[in-house]
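Undergrad: Structure for this input, please:
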Amino acid sequence: MRRKIVPWLFLAPSLGGVILFTGLPFLDVVKRSFQDAMGTRFVGTDNYQAVLANSAFRLAAGNTVHFLAVCIPLLMAVSFTAALLISSGSNISRESKGAEDTGDRYSVFRTTLVLPMTIPAASMVLVWKILLCPDGVLNQFLSGVSGQAWQVDWAFSRWAFPVLTATYLWKNTGYDMILWLAGLQGISGELYEAAKMDGAGVFARIRYITLPGLKGTFGLVGILSVVNSFRVYREAYLLAGVAA
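TA: So this is what the prediction gives:
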């Protein structure tokens, strides 16, 4: 009984805070969604019907679905590839330098990919504006390469969606890469050594060892990627919403 109670005692302060400051307000919002604006009269599903009939909501919902369908697979693929490259590179470095050498050069790549997580959104958007504005770095680079003048406002052109996708990938690749690396650490190296001895190639080892060993991590990365995708509104608004 003590073993069952002690973990709950440690969790009690956090659970109490979540219930008090998150759970109860959420239930209150659900209750008010079935009431009028003043919260005094029950209106059933009228509020939901009004939202679904709103053209702006349908447009936003369609853009969100499009964004999720494109960005989530891209983010998971890019972050997974980065994790594989860094993990395999670190293992090769340790084998060549000795098992005791843990400070290999691949930590620089990990730090570089994780660095965007530490940059405030406003600062990040300012950098992207400098790159993408009509007189920005990207247009100057393209003008120098092509010999023609480029004055494209990338955030308000037909390239707006790829720009938003690029900012999302740049911001979140490092975070998902850390999750993939944590999952890769849980796969026994003996499995890879046995597969090598049996003549399995790189892709065979990834298919039959890495991917099955990352089933749990795959679900976690997918859920967190979807959650983070709904937070991209901040960057989108700062990048183009104010001027629009």
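Undergrad: where's Leu9 relative to Ile209, distance?
TA: 40 Å (Cβ to Cβ, to the nearest Å). C-beta: built from backbone N, CA, C; applies to glycine.
Undergrad: Could you give the average pLDDT over stretch 43-59?
TA: Stretch 43-59 carries an average pLDDT of 90.
Undergrad: end to end, how far does that stretch reach?
TA: 25 Å (Cα to Cα, to the nearest Å).
Undergrad: which residues sit against it?
TA: For stretch 43-59, contacts defined as Cβ atoms under 8 Å, 6 or more residues apart in numbering pick out 33-36.
Undergrad: right, and out of those, which lies closest to Val65?
TA: Ser33 (21.8 Å; Cβ to Cβ).
Undergrad: so who does that closest one touch?
TA: Neighbours of Ser33 in contact, by Cβ under 8 Å, 6+ apart: 47-48.
Undergrad: Phi and psi next, for it.
TA: As for Ser33, its main-chain torsions (degrees, to the nearest 10) stand at phi -70, psi -20.
Undergrad: of Leu9 and Ile209, who's got more company?
TA: Ile209 (17 against 9; other Cβ atoms under 10 Å).
Undergrad: If I look at the closest residue to that one other than its chain neighbours, what pLDDT would I see?
TA: Closest residue to Ile209 apart from its sequence neighbours, by Cβ to Cβ, 6 or more residues apart in numbering: Leu191 at 5.1 Å. Note on Leu191: pLDDT of 85.
Undergrad: Tell me how far Leu191 lies from Ile206.
TA: Counting by Cβ to Cβ, the gap from Leu191 to Ile206 is 12 Å.
Undergrad: A helix includes Ala77, no?
TA: Yes. Assessed by DSSP: H, G, I helix; E, B strand; the rest coil, Ala77 belongs to a helix.
Undergrad: number of nearby residues for it?
TA: Ala77: 10 neighbours (other Cβ under 10 Å).
Undergrad: any idea of the mean pLDDT for stretch 9-27?
TA: Here the average pLDDT along stretch 9-27 is 92.
Undergrad: and if you look at stretch 82-101?
TA: pLDDT averaged over stretch 82-101 gives 62.
Undergrad: burial measure for the residue nearest to Ile209, as a count.
TA: Residues near Leu191, counting by other Cβ under 10 Å, number 15.
Undergrad: C-terminal to the helix-or-strand element of the chain with minimal mean pLDDT, what's the next element?
TA: The helix or strand of the chain with the poorest confidence is helix 106-114; it has a mean of 67 (mean pLDDT, DSSP states H and E). Using DSSP states H and E, the next helix or strand after helix 106-114 towards the C-terminus is helix 121-132.
Undergrad: and that following helix, what does it pack onto?
TA: Helices and strands touching helix 121-132, by 3 or more Cβ pairs under 8 Å, 6 or more residues apart in numbering; DSSP states H and E, are helix 137-146, helix 160-185, helix 233-236.
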